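**Student:** With the sequence up front, the predicted model follows.
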Amino acid sequence: MPLPLLLFDCDGTLVDSEPLLADEMATALNGVGLPFERRDYMGEFRGARFRNIVAELQTRFGAVDPERLEQAERGMRDNLARRLARELVTLPGVTATLANLAHFPSAVVSNGPESKIQTALNATGLAAYFGKRFFSGYTANCWKPEPCLHLHAASIMGFAARDCIAIDDALVGVRAALKAGMTVIHLNRFPAAETTPDGAIEIEHMAQLPSVVKRLVQRRESAIRRAETTLSETTLSETGFAEKRYGFIT
């Protein structure tokens, strides 16, 4: 039986980019008059698309000139790219976990632009593992928490949603994958502050992932074997009935 496709989020799941992003986002947003602190991203807005954050802040604090916002976003992304290239590291346990799961098909699914994903993978050495197998919300024109980004990635990789396992630390990503009909593992790095949604499997450290994936695969194989056995027994029963009814047994 083919192995499931593993779909990893990037920021906060594979790489520790969120503190850097929160810093640069706070600088950019305060620069255009939208009050925002680093902890706001790590709490309320973690994993959300930047423009959705801006839209929400404008409803609270008033509209900002679109040209100023565009310049602020461009500057933020430029500064972030430089910091990612210099400072970014993987989260604990990621490298060993990926090595353990190297025989599984896999890809990265992120709300960020392709350039940011590529920078993160190159800076941490994860490009050697994922290559070009990453999918951006900006390329698919669809962002978490909608399910279409996960479904887009699965389709391009040649998998049905039911044959995918999504791994995400942010609730927006967990909910997106659940909506897509995938098996979802929530890397809950803040269990005191976040509750894993119903239907998702919670882990608190990437080192736990291989054993969870192994159990899921074993459970699926057992279910398929049971279904095949039931089908075989049903077929034999129906064949015996037909033989008796039509005189095939002599």
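**Tutor:** Ah, there it is. Numbers count the residues shown, from 1 in each chain.

**Student:** rest of the way, CA atoms for contacts and neighbours
**Tutor:** Will do.

**Student:** Tell me the helix or strand right after whatever helix or strand N52 lives in.
**Tutor:** Using DSSP states H and E, N52 sits in helix 50-61. Remark: after helix 50-61, the chain's next helix or strand is helix 66-87, criterion DSSP H and E.

**Student:** mind listing what's buried in that following helix?
**Tutor:** Of all the residues in helix 66-87, those buried under the rule 16 or more other C-alpha atoms under 10 Å are L69, A72, E73, G75, M76, R77, L80, A81, L84, A85.

**Student:** And for stretch 207-215?
**Tutor:** A207, L209, P210, V213.

**Student:** Show me where the protein has its strands.
**Tutor:** Per DSSP state E, the chain carries strands over the ranges 5-8, 106-110, 134-136, 164-168, 183-187, 201-203.

**Student:** Show the model's pLDDT score for the closest residue to Q118 other than its chain neighbours.
**Tutor:** Counting by C-alpha to C-alpha, 6 or more residues apart in numbering, Q118 lies nearest to A127, which is 7.6 Å off, once chain neighbours are set aside. At A127, the model reports a pLDDT of 97.

**Student:** what's the burial count for A127?
**Tutor:** Number of residues near A127 (other C-alpha atoms under 10 Å) recorded here: 17.

**Student:** so it touches L121, yeah?
**Tutor:** Yes - A127 lies in contact with L121 (C-alpha atoms under 8 Å); the separation is 4.7 Å.

**Student:** And the nearest residue to A140 once chain neighbours are set aside, how far from H186?
**Tutor:** Closest residue in space to A140, ignoring its immediate chain neighbours: L149 at 6.5 Å, by C-alpha to C-alpha, 6+ apart. Here L149 is placed at a distance of 17 Å from H186 (C-alpha to C-alpha, to the nearest Å).

**Student:** one step back: now the strands of the chain in a markdown table, with mean pLDDT and mean neighbour count?
**Tutor:** Shown next, in a markdown table, are these (pLDDT from 0 to 100; neighbours: other C-alpha atoms under 10 Å):
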| stretch | mean pLDDT | mean neighbour count |
| --- | --- | --- |
| strand 5-8 | 98 | 23 |
| strand 106-110 | 98 | 25 |
| strand 134-136 | 98 | 23 |
| strand 164-168 | 98 | 26 |
| strand 183-187 | 98 | 24 |
| strand 201-203 | 98 | 19 |
